[in-house]
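**Student:** Sequence first, then the predicted structure, then my questions.
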Amino acid sequence: MKHVPCLAVALILALMCGSGAVAAEKRVSAPGAVVTAGSGTAADLIGADQGKTGPATLAAPAAKLLSIIVEPAKLSVIRGTTIQFNATGKFSDNTAKDITSSVTWKSSDTKVASINPAGIVTTGVKQGTVVVTASFDKKRGSATLTVTVPKLVSITITPAEPYLSKGMTQQFTATGNYSDKTTQDITSSVKWSSSSANVVTVKPSGLATAGAKLGIASVTASFDGKRGAVKLVVTLQALVSITVKPADMSIDKGATLQFTATGNYSDKTTKDLTSSAKWSSSDTTVAAIDPAGLVKAAVKFGTTTVTASVKSKAGSAILTVAPTLISIDVTPADMSIRQRTVLQFKAKGTFSDGSSRDLTSAATWTSGAPSVAVISAEGLATGFGVGPTTISATYGNKSGSVRLLGTPREIKRPCDAGENENKKEFVKWPAPRFTNADGTSPVTGSVVVDQRTGLMWTVDSNAPGPASCVPGAAKTLQGAIDYIACLNTNGYLGYRDWRLPNRKELFSLLDYEQAVPAAWVSTQGFSNVQDYYCYDYWLSAPDTPSKDLGIFADLGYGAVYYSNKSRSYYVWPVRAGK
């Protein structure tokens, strides 16, 4: 059988069925294209995907966008307001659809108002009118937005009702209250006036001065069609301030406390205002106060401000509700202290809630007899004399104390010094004992070598050295350490290993058969040996009972003591000579 081309068959069918016949096969130019049914031509059909053929499908009519409505259509707002605009599309099939997120939004003046893709308008920095436009599919809709500044609603003047005496001044403040619920200081913008210039005058700045006439006058502030006014009373006696007492008080939970308010007047007089003042507490959960100024029972731990007000004047005080200090325990108790020694005391407070706290640094320390012992702000006692004294620690209204007995200082000969062991064992000291660095004598240089110990000392025993090291002066322990470091940095006398002597090294210079052990040293070629009371030398001390203490030696007595590092003593450099 001979095949007939498909197109020919289609043409024959079309002729047979009339002009309304539909082509049985069509190629579509774009995927998913919709074609509206109409005259029955090929263009009225929808096929499958582009480049494909298949059975033809009749498409439904497509609704066309006819117009866009923007709402709200006309609006007036205050600057600083944010507004949501909406766009509604009207279609040819009589339907309406929200197309707010599909349209393109535009403002005619972004300085007045700007709009984002979601249709939200934010007002700008200036006032004016803008056209808000929504565009889609060659259709446009618009609305009118007017941005205005907030309107002044009222004016408030403070203080509200002041009292002045002749010649006194009062600065007034004018606050504008606007339609957008905001406020603004307009003191310098308003026009100030007084109802009676004889009673009070007001400068353009709002500063009022009481005149020569006693009485009441109205002070008015006018601006932008609005007015605010207060009464000012000029009297012979005007309230200047209020003093609330006690000013700073601490009480325990459940305790009561009476506050008083005293008025201070322009004629230098005072008056009790406790019963006439208006009392308030900034935190009533801590403590409430009644109209008579009485805190009846503190509620919880915390702090509140108690205020007493009379007209435009007020005074306040701080009330703290906290555990009450019951007692102070000072330790150690019933101790003795030798002259020139130190002893650290501690203070512990016990409170009403059963807690305790170290009050050593917070307490005020005193000594009943400073000639026996003095005590520092940190509770460190130093013995000076012989006899009894009382050491007390005070915090708030509580005190604790202990007895302290001052005893004579101990003349100690260090057991490990070995200073005269050779003599005791009938072993002669080297002769000469002290020489120059080259072993010759008498001593003529700047250093001395002890042939018995091999140690090298500076001839000058009072911190010699270059000016940059601050020589020739007593120093704190840190100052002594810095001085030695300076000597080594400068290579003093050709050496960089100077140090502070230890106890054994310093006392090895002494002769304890002498009445004053150090006096003999001054005859052996050394100079500036400090051998009198309080002329003492720092020693190197790696271990002390407290980080605040150092060790010094008294060459006058050949004794060793602890002392606070902040005290000043002399420095005698030494190095290993052999």
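**Tutor:** Right, received. Where do you want to start?
**Student:** Does residue 271 lie in a helix or a strand, and which?
**Tutor:** strand 270-272 (DSSP states H and E).
**Student:** hmm, who's touching that strand?
**Tutor:** 260, 261, 262, 263, 264, 265 (CB atoms under 8 Å, 6 or more residues apart in numbering). Placement of C-beta: from N, CA and C, glycine included.
**Student:** Quick one: list the elements packing against the next helix or strand after it.
**Tutor:** Tracing the chain C-terminally past strand 270-272 and defining elements by DSSP H and E, one meets strand 278-281 next. Applying 3 or more CB pairs under 8 Å, 6 or more residues apart in numbering; DSSP states H and E, we find strand 278-281 packed against strand 302-310.
**Student:** which residues of this protein fall in helices?
**Tutor:** Counting by DSSP state H, the chain has helices at residues 6-17, 421-424, 477-489, 503-507.
**Student:** show me the contacts for residue 567.
**Tutor:** Listed by CB under 8 Å, 6+ apart, the contact partners of residue 567 are residue 476.
**Student:** Go again with 10 Å.
**Tutor:** Residues near residue 567 by CB atoms under 10 Å, 6 or more residues apart in numbering: 342, 382, 474, 475, 476, 477, 534, 536, 538, 549, 550, 552.
**Student:** Please tell me the pLDDT value assigned to the fourth one.
**Tutor:** What that stands for is residue 475. We note a pLDDT of 91 for residue 475 in this prediction.
**Student:** that older thread, most neighbours among the contacts of residue 567, which one?
**Tutor:** Within these, neighbour counts (other CB atoms under 10 Å) peak at residue 538, which reaches 29 neighbours.
**Student:** How much space separates it from residue 375?
**Tutor:** According to CB to CB, to the nearest Å, residue 538 stands 23 Å off from residue 375.
**Student:** Pretty sure residue 217 sits against residue 170.
**Tutor:** No: contact criterion CB atoms under 10 Å: residue 217 and residue 170 do not qualify, at 11.6 Å.
**Student:** So those two - more neighbours on which side?
**Tutor:** Taking neighbours as other CB under 10 Å, residue 217 and residue 170 compare with residue 217 leading, 23 against 19.
**Student:** list residues touching both of residue 217 and residue 170?
**Tutor:** 200, 202, 208, 210, 232.
**Student:** with these in mind, which one is nearest to residue 111?
**Tutor:** residue 202 (39.0 Å; CB to CB).
**Student:** check contacts around that closest one.
**Tutor:** 170, 172, 191-194, 208-209, 217, 219-221, 232.
**Student:** repeat for residue 148
**Tutor:** 76, 77, 78, 79, 81, 123, 127, 128, 129, 179.
**Student:** right, and the first one touches residue 144 too?
**Tutor:** So that's residue 76. Yes: counting by CB under 10 Å, residue 76 sits close enough to residue 144 to count as a contact (9.0 Å).
**Student:** overlap in contacts of those two?
**Tutor:** residue 129.
**Student:** With neighbour numbers in mind, choose between the two.
**Tutor:** Between residue 76 and residue 144, counting by other CB under 10 Å, residue 144 is the more crowded of the two (15 against 11).
**Student:** quick one: that one and residue 128 touch, right?
**Tutor:** No: using CB under 10 Å, residue 144 is not in contact with residue 128; the gap is 11.2 Å.
**Student:** got any residues that touch both of the two?
**Tutor:** residue 108.
**Student:** Of the contacts of residue 202, just say which sits nearest to residue 525.
**Tutor:** Of all those, residue 170 has the smallest distance to residue 525: 83.8 Å, by CB to CB.
**Student:** I'd like the distance between the closest one and residue 82.
**Tutor:** Distance from residue 170 to residue 82, by CB to CB: 42 Å.
**Student:** Kindly report the same for residue 484.
**Tutor:** In this view, residue 484 and residue 82 are 73 Å apart by CB to CB.
**Student:** ditto for residue 213
**Tutor:** Residue 213 is 54 Å from residue 82, by CB to CB.
**Student:** Which one's more surrounded, those two?
**Tutor:** residue 213 (13 against 10).
**Student:** how about the more buried one, what does it touch?
**Tutor:** Counted by CB under 10 Å, 6+ apart, residue 213 has contacts 166, 196, 197, 198, 199, 200, 234.
**Student:** Phi first, then psi, for it.
**Tutor:** Backbone dihedrals for residue 213, given as degrees, to the nearest 10, come out at phi -100, psi 140.
**Student:** Tell me the confidence at it?
**Tutor:** At residue 213, pLDDT is 88.
**Student:** before we move on, back to that, any idea which of the contacts of residue 148 has the most stuff around it?
**Tutor:** In those, the most neighbours by other CB under 10 Å go to residue 123, 22 neighbours.
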